[in-house]
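>>> Need a 3D model of the following:
(2 chains)
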Amino acid sequence: MSVIDSTFLRQLDRLRVRVRTARGLRPGETQIPRSTQAWGIEFESYKDYSPGDDFRYVDWNAVGRLNQLVVRTFTAEREIPYYLFFDTSASMGAPAIDQKFMFASDLATALGYVIVNNNDPLRLVALTAPDKGQPPFRVAPVLRHRSQFSRLPAFLATLTPQGKTYLREALRSYAEQTREPGVAFVVSDFLLEVPVYEEALLLLKAHGYEVKAIRVLGAAEQSPEKLFRHGKLYDVEDGRERWISLSKVHLQQYHEALQAHLTALQQFCHRHQMLYAQVSTDMNLATVLSEEFTRVGLLAFR
Amino acid sequence: MGILNPAALPLLALLGILILIYLRERWRTRIEVPSLLLWNVVKEDKARVRRFTPSLLFLLQALLLALLIGGVLHPFRSQIVSETRGNRHILVIDTSASMQAREGRMQRFDLARDQAKKVVQSFNMLDEVMLISVSTRPIVVSGLTKDHLLILHLLETLKPVDTGTNLDLGIELALAQRDREGRQGQIYVFTDEPKNVLNLSADKLKDLAYYRVGKTDDNLGLAALHLHQNPFQSYSQAQAYVIVRNYAARPKGGTLTVHLNEKQILRREFTLPAREATSFSVKGFESPGKLVAQIETNDALSVDDRAWAWLAELRDRRLVLVSGVKGLQEEILRVSQAIPGLTLTTLTPDAFSSAEIRPQDVVLFHQVVPSSTVLANSLYVFPQPQNPLFPAVAEAEDVSILDWRQEHEILQNLHYVDALPLKKARVLALPSWAQVLISSRTKNSEVPLAFTGEKDGHRVACLAFDLGKGNLTNSDNMTLLLLFLNTMRWLFPADPATPTLVPTGEAFFLPPGAGPDSLRLLPPQGEEQKIDTDVIEVDHVGEYRLSGSRYRTTLYANLFDEHESDIGRRDDDSQPVAVKHVDAQAPQELTKMVPMEFGRILYYGAAGLILLEWLYALRRYYRTSRV
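Coordinates of the predicted model:
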């Protein structure tokens, strides 16, 4: 059951996305430090007058002191295009007890609210399995204003976790057809071979996106002993089975493998200046947004 | 520990079934994981996973199943239970006629009762007491009870009766009651019988606490009142004999009076030597009626001093002979002429009509069976082959008699039944209402030669053989004549007004149809009472009057019991019988193993377990919902 309600959304009004390099072409409400424009609100610097500049912005005081025509320049304000890549593979729905998909949906909704609350355009891209010549993604209508926010949960509600993960193929396919890169949130469990997701994320970066990877981890994934002791494990994506008896040694081996996988992604993101956040389904979503995401620099308070 | 219902043991196989269900469930169930990527480092162990390892849920379910099966098995554990139990005492008190004998100012029964009371008062408070009175039959007056006051009260209400005694049976009953439930007890016998006359084994006798009362032998009693009057004799021809016996060890005298209908017809004074008897003959009675013999003497026992008899009036009886054989007609005529009060009416079969027959008649059908119902007692002799009552199956000649019912009234006192002349006989089909009286046998079956029964409320006798010419009056065939006369006597209906003589101690059975519903009984002692059974226990000498709307009769009860009248009761043994006195014993502290079944506890445990599981499931459900 979704935890998104009006009370929760009001808490998100205090937050904004921290953007480092990404910027759009259109004017917007996000100030771009060290980037100027001829008009604006926030004074940034001076420049020598050149023909064509607006006389209104000539600083006559400076002219009086320096005997030189200078005009004021202002901090550039641009809109930031946001892309929320949402993994809808079957692995996001297993094990069912974790409700990982719902948690990720709520997380995407909350992020989406934070984004559109700043009147920046948001495109939600559901990463799906390719079907009959269709691209391996589904794109939600672009949201440009908070008044359009209600379309986001409506779109997310149409998604179900199914099929294999085509992270690399989907990101490449989408990045190649997009002209204006921006901030790319990748919400996934990243249960893929390390080279696969590395290639996928690097590909995004290569296309100029500011990548922010959010890894959603199920509680039962971290403590599989709560799920079973002995049993026939079934991979929901490729249908393979494996008979596992969860002894202490085996559990230790699993934890080590999990930790290695988590560390690998974290270090990869660190190496390539991508922001990385790891959330667990047993965490409180408000805490995730206001504490965890602000701690790692994904979000900031206004 | 043990189980009371081992038949439920196979239910334990359900535990095996539960394990199989779990195994199947484990093998079938898949655990969905997002990816096997992380599990590739863990070694696959199919054998271990497939092996049965009990989970908590399984253990709970197995426990629940085991509890239920355990309940069905009815388990028990032996528990040592100790209890304080009193001793068991059974009092057997003789209430026969001899206990009425006076010993000084008191009766023997009073002496016995006083002793019994003292014994009861000596019992411990926890002791259980049973009271049995014995006359001709034992009666359990009170079952085992700790209420000693009740026993004392019941002793007080007991009274001796005018009957003989069967003390052996009473003691046997007490022994059987004593040994019930494997418990021991003490039997106390209060009687005037010497111990050595009891027909019991020495083992049984040695455990008895025997209290014998009575010493006197002072009794003069009526030993018999015989009235000789057969159904065909008038009262004037009857003759009565009164036998008087002196049971004392010294000469004793008295006066015998005989009254007929309250009128004294004999008074004779006599003196008898010690233990001698004499008889008095009375005849020439002037009227029918109640005959009472009484001796007036001063002795210890009065119950045997009076006796009753009934002098019957000769009734006119008619024998209707239906026969076409002249020789038989003549023979029956000669026999009937020799019987006083018997009238013979002879009819040919063609002239016979049922309408002419009165209920008190007897009809003799010779070689003929009427098609209509005869409303009188009847004798069928050698019936024709084709008849509606007993069709002939075959003819037989020179038949030998092989069996007969000696106890039947017709054959009583009849010797040499097998000497009956049977030259020719018919094998008749035995009707369902009849019983064989005399029979022969073939290889395959019994052949009835004579049978009797009751049909449509009337007695019926049938002889399957012919009487033969001259046989009935031939002195060589007395058996046949006696059989014929006995049959006549059985067939002639009794006069309902004639009182019935019953020895005391016996039971009088009401005839069918008399019905106790409206009958009232006036016993010789006491008040008129309503009867609610078909049996009247005759316990006292004298006259019992039964009156009702459908039935009315009188019973004369006499006590002619030499054993009861001989109140001296000398011991046959030269050795005096040792009387066992039992002192009051302390209550017994008993310990015994008692099986305590606890199957119900297991059921409660199962119910509790279900409740716990349900609460646990509910808790998990809410927790899951919250998540």
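>>> Would you map the helices across the stretch 201-302 of chain A?
Under the criterion DSSP state H, counting those that start in this stretch, the stretch 201-302 of chain A contains helices at A:219-222, A:248-271, A:285-287, A:293-296.
>>> looking at those helices, which is closest to residue A:158?
The closest of those to residue A:158 is helix A:285-287. By C-beta to C-beta, the value is 21.0 Å. For the C-beta atoms, the positions are set from N, CA and C on the backbone; glycine is no exception.
>>> which parts of stretch A:226-236 are buried?
A:227-228, A:230-236 (16 or more other C-beta atoms under 10 Å in any protein chain shown).
>>> ok, and does that stretch reach over to chain B?
Yes - applying C-beta under 8 Å from any C-beta of the partner chain, one finds stretch A:226-236 touching chain B at A:227-236.
>>> Can you lay out the residues you listed as TSV showing pLDDT and distance to residue B:64?
Putting the residues of stretch A:226-236 next to chain B into TSV (pLDDT from 0 to 100; distance: C-beta to C-beta, whole Å) gives the following:
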residue	pLDDT	distance to residue B:64
A:227	84	26
A:228	85	24
A:229	82	22
A:230	83	23
A:231	86	24
A:232	89	27
A:233	92	30
A:234	93	31
A:235	94	36
A:236	93	35
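>>> Go through these and say which is closest to residue B:46.
Using C-beta to C-beta, the residues of stretch A:226-236 next to chain B come closest to residue B:46 at residue A:232, 8.6 Å.
>>> Contact partners for that closest one?
A:241-244, B:27, B:29-31, B:49 (C-beta atoms under 8 Å, 6 or more residues apart in numbering or on different chains).
>>> any idea which of the residues you listed is closest to residue B:377?
Looking across the contacts of residue A:232 and measuring by C-beta to C-beta, the closest to residue B:377 is residue B:27, at 92.4 Å.
>>> what's the neighbour count on that closest one?
Using other C-beta atoms under 10 Å in any protein chain shown, the number of residues around residue B:27 comes to 12.
>>> do the same with the one 3 residues further on
The number of residues packed near residue B:30 is 12, by other C-beta under 10 Å.
>>> Tell me who's in contact with the spatially closest residue to it that is not a sequence neighbour.
Ranked by C-beta to C-beta, 6 or more residues apart in numbering or on different chains and with sequence neighbours excluded, the top spatial neighbour of residue B:30 is residue A:234, at 4.0 Å. Listed by C-beta under 8 Å, 6+ apart, the contact set of residue A:234 reads A:240-241, B:30-33.
>>> can you rerun that using 7 Å?
Going by C-beta atoms under 7 Å, 6 or more residues apart in numbering or on different chains, residue A:234 touches A:241, B:30-33.
>>> Could you list everything it pairs with in the sheet?
Applying DSSP bridges to residue A:234 gives these bridge partners: residue A:241, residue B:32.
>>> Look up how far residue A:89 lies from it.
Plainly put, residue A:234 is 15 Å away from residue A:89 if you go by C-beta to C-beta, to the nearest Å.
>>> Among the contacts of residue A:234, which one is most surrounded by other residues?
Top of the contacts of residue A:234 by neighbour count (other C-beta under 10 Å): residue B:33, with 27 neighbours.
>>> what's near enough to touch that residue?
By C-beta under 7 Å, 6+ apart, residue B:33 lies in contact with A:94-95, A:233-235, B:39.
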